[in-house]
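**Student:** here is my input; please provide its structure:
(2 chains)
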Amino acid sequence: MYRISKDKVNDIAAALAEEHTLYAPALQRETLQVMFTQIKDLARINLTAALPLVPPKHVVFPQFGRTLSYAYDKAKQEVKFTPETDNSPKALFGVRACDLTGIQCLDRFYLGQDFVDEVYRDHRKKMFIVANTCVTPFRECFCSCMDSGPSAREGFDMNLTDLGNEYLIEIGSEKGETLAKKLSLASAPESAKRDREKAVDKSLSLFSKTAKDNKAWISRVVNRVTTGLFDEKAWTYIGDQCLECGACSFVCPSCSCFNVVDSVTGKDSAERTRTWDSCSFEGYSRMAGGHNPRKPVEDRRSKRCFCKLSYSQSKKYLRHGCVGCGRCAWVCPGDIGMPNVVTYIRREITKKGQ
Amino acid sequence: MLDMRGNDVAGVFPVRNHPVSKGRLCVRGWHVHELINSNERIKTPLIRKDGVLVPATYEEAIALLVENLSRYKNDAADNTGFLASPRASNEENFLLMKLARSVFNTSNICLDSDPGHRNSIDVMHAGTGMAGMIGSLEDIARAEYLLVLGSDITKQNPIIGSELHMAARAGAKLVTIDTRNTQIAHLSDRFIQLKPGSYKVALAYMATVLLEERRTDEDFIKRQTEGYDGFVGCLSFLKESEVEEKTGIDLESLKETARELARAKTAMAFFSSGISGFDRDTIGYLFNLFMLAGKIGKEGCGVNPITGICNLQGSYDMGIAPDLLTGYQSITDAAVRDKFNKEWNVRLSARPGRPIDDLLMDRSRGLKALVAVDHDETVIRHHDEIDAIEFVAYIGTYHNPFADLADVVLPIASYIESDGTFTNTERRVQLFREKRKPLDGIMPGWELYTAIAKAAGASWTYTSPADVMGEIARLTPEYSDIRYDKLTDSFGIQWPCTADNPGGTPRFSIEKAAKKITFVPTDWSFMVPPVSEEYPVQLVIGEAQHFWHQNNLMKKTTIPLREYNATLLLYPQGYVAVSPEDAKRLTVRDRANVKIISPYGSMEAMVQITDKVKPNTAYVAYFVDDMVTRFFLAHKSVMKRGEDETVPLSIVKE
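**Tutor:** Okay, here's the model as predicted:
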């Protein structure tokens, strides 16, 4: 464990920027909202800013990107494939715990199963992650209910916790240790651990002021979503309000679905692009031949919640798919973000006679 | 906001602080980067040689364009036409309008894909002097009563649909009047499913209820309005005994809807202004009904046409109409022409032009030269007529069926490669900044139009889109205090924005109005489309989430294209939606082939069985190329008038 004074914390970012493309939270000038995008002017980094509008998922998994181009050589009767992956070193500085948890879900989906996804692997390969504890929760967050915050427990190289006048730095990897040594960071006394626990406990205690409605209900809703033991009318009620825009998936730190399209670029050449996809679209679950097991919108909504809340899905991520960041509620035009879904299912299961 | 990585666009970000979108995007917005990344971009100017389009330089292509248009210059008012794009920026459309009028001597300039919005603008202007939406989207949260008419608003305009849904959840009364049981109908407190073509009757009846039950806002009417007696006179021609038969709705629900409107302190109406929009008279009745209820010009009130294309409102603001200069100033007004003549150093003709659609339909008025920008509609409706024109130029960013008929093709940069302003449905002028330099040396629209004008001998000196806005502001009272430095880092300004009112005008306000507002003139015919034994079904035309006009833009994306294809795979030639009762009567299943026959033509289609339409009503999403060419070509006049006009049909099993 190390510590660093607040005015020096950007030294870590500066050291990372030497060898990495640096991504960090900053207030965007035009819109005055917090963005987690590439940053060149380190003075703009804002570690106390609210949860960024979108998670840093787009760094490891861009919304749209070419992954391959290929050309046919007529004379030689040969096809030349040129994979396009990006293994340049990237650093995420000041990632909130929920967003880091999202990246871990993506890791398990893309790297932890039978097939390793090369495109994702290359984005992720040389990544340095500096996490940042939320010492006060933001208004719409419920990470405490989803066991993904307010402080990261794993998956980081360094983890910052604001202790008032300085940052405590926990080390999570050899890379982190090397950087700490390189920067000659001052080591923190054993007592700092207790201070950190105190800060996290205080943050947790603040959740009861903001996340009051649904918090205690998530585990019960997880149980019911898994077993299906509630009236399906709740899904119809939710589905009726879905505008099928895909926003919930696009801003979700753990949503990993994508679509692949090959398009012609010239007479004998083509390229392959990969784009984000969403289970809210009808075409998402349509099979070759036209059958669609999830044609009605409510069936697609239940699929999403199954992915985020059910036990069976948790086996894949080794945790819930939902990380409790609350962004789906920010962007949903139908007002059926995850907290409201939990509320509606709760309403269904607390009806008399159940 | 775009996820720019150097010159690449990797995705989009929503804007949570935006006062209207509040972090929401529609399905089209979430995929706009796919369009920008399309491989169908036009990468070089093209000239037709021996029947084939071959690459050329801008100099050659511009010279060819100018040479041809100059040839017709003396009779340009009769033989030259310009089709502008509702997706182009204000600056581009202003310059195109100036090019047509001041350089090539013609006022034959219009948008074609949207006759509906002109109807709305005319009514709002006649009533209040404000030629656009008179309410404000931010006011939705302040309205007690929200009325949606004839619009599948959560699919067509999801952000506004969302705002209405949120307001209803927060306690506002949401009422939908439609021929189809749409999503917003599901989410409404009250849904009235009318017979097609009877909106006007229903609205007029609601107005008579207010009069008979003395629920009108008499004080407001007396002090603030004129034209009341004329409207009341029109209403006297409505026979109560016929209302139920004509609308298919029991009188009590219409009465209750009218009473709720009167009782609410604040109320707003929303309807779409496009191919599925209303005819002028229906909009007039809606406006006048809200006048009776005293729901015009106050906070949380207003009658609000919703434009479906990004710069539809702005295009009309820029004078893209045969009879209008910028800001709804009439070309027949000598004082207005004087102002433009001085600024432009020309002598504009007082004669209004004609819509291109009319010129194409009327072969005797032989159009000889046509310049089209980024169009998809006219070319499908009038393929043969356009093919017969001597000289056709196409200006656009992406390949388009128009280019196949063009003698010269001039590419322009996409909207992210130039600064420009767009005016949304609530008159909000928003600045979009250049995000990357144009690729492959392609010119932005404003630069191209300036180059064309110079080649034709005009002395245009614009050095940036901001310059162009300066000129727009000088010539247009509503835009007179709009400047790029004010728009920078803002979420836009709603016009009128003048020196006295530099912050703009969120909504039309009765206190600030210079004169009394007017009940708009309406007619007193309450005809509904006839149904006969031979043609018992009424066909309505509309739009849906993934289907928008000819889908020229959607077809250049990935995910929305898949969604579009998912429907096409089920219904390869499109579909006609019928009720389960009609399907039973016809003894057909979903996807069965039927023939639909109207007095003007017939076509084969598949049926889609849905409870969204009532018996004897059929619905067609206006999107499938084949359907438009093969069937609707026979119904051009119907398409032009909008949704309130319907096609009488019979459906037979194949």
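**Student:** can you give me the helices in the stretch 101-250 of chain B?
**Tutor:** Here the stretch 101-250 of chain B has its helices, by DSSP state H, counting those that start in this stretch, at B:115-128, B:153-156, B:158-169, B:183-186, B:199-212, B:218-224, B:228-235, B:240-247.
**Student:** wait, which of the ones you listed is closest to A:D147?
**Tutor:** helix B:158-169 (30.0 Å; Cβ to Cβ). Every residue, glycine included, has its C-beta placed from N, CA and C.
**Student:** buried ones in the closest one, by neighbour count?
**Tutor:** Neighbour-count burial for helix B:158-169, with 16 or more other Cβ atoms under 10 Å in any protein chain shown as criterion, is recorded at B:158-168.
**Student:** so which of those residues also contact chain A?
**Tutor:** B:158-159, B:161-162, B:165-166 (Cβ under 8 Å from any Cβ of the partner chain).
**Student:** the closest residue in space to A:T210 that isn't next to it in sequence: neighbour count?
**Tutor:** Spatially, and ignoring its direct neighbours in sequence, A:T210 is nearest to A:R139 (5.5 Å; Cβ to Cβ, 6 or more residues apart in numbering or on different chains). For A:R139, the count of nearby residues is 10 (other Cβ atoms under 10 Å in any protein chain shown).
**Student:** kindly report the same for B:L439.
**Tutor:** For B:L439, the number of neighbouring residues by other Cβ under 10 Å comes to 12.
**Student:** and it, what is it in contact with?
**Tutor:** Applying Cβ atoms under 8 Å, 6 or more residues apart in numbering or on different chains, we find B:L439 in contact with B:7, B:41, B:43, B:413, B:417.
**Student:** which two in those residues are spaced the farthest apart?
**Tutor:** Between all members of the contacts of B:L439, the farthest pair (by Cβ to Cβ) comes out as B:N7 and B:K43, at 14.6 Å.
**Student:** and the pLDDT for the one residue in the stretch 51-200 of chain A that gets nearest to chain B?
**Tutor:** As assessed by Cβ to the nearest Cβ, chain B sits closest to A:Q63 within the stretch 51-200 of chain A, at 2.8 Å. A:Q63 is assigned 95 on the pLDDT scale.
**Student:** what sits against B:S151?
**Tutor:** Residues in contact with B:S151 (Cβ under 8 Å, 6+ apart) are B:157, B:178, B:182, B:184, B:270-272, B:276, B:306.
**Student:** now a ChimeraX select for only the buried ones of the contacts of B:L439.
**Tutor:** In ChimeraX syntax, the buried subset of those is picked out as below (16+ other Cβ under 10 Å):
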select /B:41,413,417
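**Student:** picking up where we left off before, ok, the residue nearest to A:T210 touching A:F207?
**Tutor:** No - the criterion here is Cβ atoms under 8 Å, and A:R139 misses it with A:F207 at 10.7 Å.
**Student:** kindly report the domain assignment for chain B.
**Tutor:** Following automatic domain parsing, one gets these domains for chain B: B:1-37, B:38-113+B:312-494, B:116-307, B:537-653.
**Student:** please work out which of the helices of the stretch 101-250 of chain B is packed deepest.
**Tutor:** The highest average neighbour count among these, using mean count of other Cβ atoms under 10 Å in any protein chain shown, belongs to helix B:153-156 at a mean of 25.
**Student:** sorry, back to before: possible to save the domains of chain B as a markdown table with mean pLDDT?
**Tutor:** Shown next, in a markdown table, are the domains of chain B (pLDDT from 0 to 100):
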| stretch | mean pLDDT |
| --- | --- |
| domain B:1-37 | 90 |
| domain B:38-113+B:312-494 | 92 |
| domain B:116-307 | 93 |
| domain B:537-653 | 78 |
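**Student:** pLDDT at A:G353, what is it?
**Tutor:** pLDDT at A:G353 comes out at 56.
**Student:** can you redo the domains of chain B as TSV with distance to A:E244?
**Tutor:** Converted to TSV, the domains of chain B look like this (distance: least, Cβ to Cβ, whole Å):
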stretch	distance to A:E244
domain B:1-37	7
domain B:38-113+B:312-494	21
domain B:116-307	8
domain B:537-653	6
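**Student:** okay if I get the contacts of B:L439 as CSV plus secondary structure and distance to B:Q494?
**Tutor:** Putting these into CSV (DSSP: H, G, I helix; E, B strand; the rest coil; distance: Cβ to Cβ, whole Å) gives the following:
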residue, secondary structure, distance to B:Q494
B:N7, coil, 33
B:R41, strand, 33
B:K43, coil, 38
B:A413, coil, 28
B:E417, helix, 27
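**Student:** going by distance to B:R28, which of the contacts of B:L439 wins?
**Tutor:** Nearest to B:R28 among the contacts of B:L439 is B:R41, at 18.5 Å by Cβ to Cβ.
**Student:** near chain B, which residues of the stretch 201-350 of chain A?
**Tutor:** Counting by Cβ under 8 Å from any Cβ, the stretch 201-350 of chain A sits next to chain B at A:240-241, A:243-247, A:250-251, A:259, A:261, A:263-265, A:273, A:275-278, A:281-283, A:286, A:290, A:292, A:330-335.
**Student:** just the buried residues of those.
**Tutor:** Taking 16+ other Cβ under 10 Å as the criterion, what is buried in these is A:241, A:243-247, A:250-251, A:259, A:273, A:275-278, A:281-283, A:286, A:292, A:330-334.
**Student:** in which helix or strand does A:V341 reside?
**Tutor:** helix A:338-349 (DSSP states H and E).
**Student:** likewise for A:A192?
**Tutor:** In this assignment (DSSP H and E), A:A192 forms part of helix A:191-210.
**Student:** could you pull up the mean pLDDT of that helix?
**Tutor:** The average pLDDT for helix A:191-210 rounds to 90.
**Student:** report the contact partners of the residue of the stretch 451-600 of chain B found nearest chain A.
**Tutor:** Closest approach between the stretch 451-600 of chain B and chain A, counting by Cβ to the nearest Cβ: B:A566, at 3.9 Å. Applying Cβ under 8 Å, 6+ apart to B:A566 gives the contacts A:282-283, A:286, A:292.
**Student:** wait, a helix at A:G283?
**Tutor:** Yes - assignment of A:G283 by DSSP: H, G, I helix; E, B strand; the rest coil places it within a helix.
**Student:** please name the nearest non-neighbouring residue to whichever residue of the stretch 51-200 of chain B sits closest to chain A.
**Tutor:** Residue nearest to chain A within the stretch 51-200 of chain B: B:S162 (3.2 Å; Cβ to the nearest Cβ). Counting by Cβ to Cβ, 6+ apart, B:S162 lies nearest to A:P333, which is 3.2 Å off, once chain neighbours are set aside.
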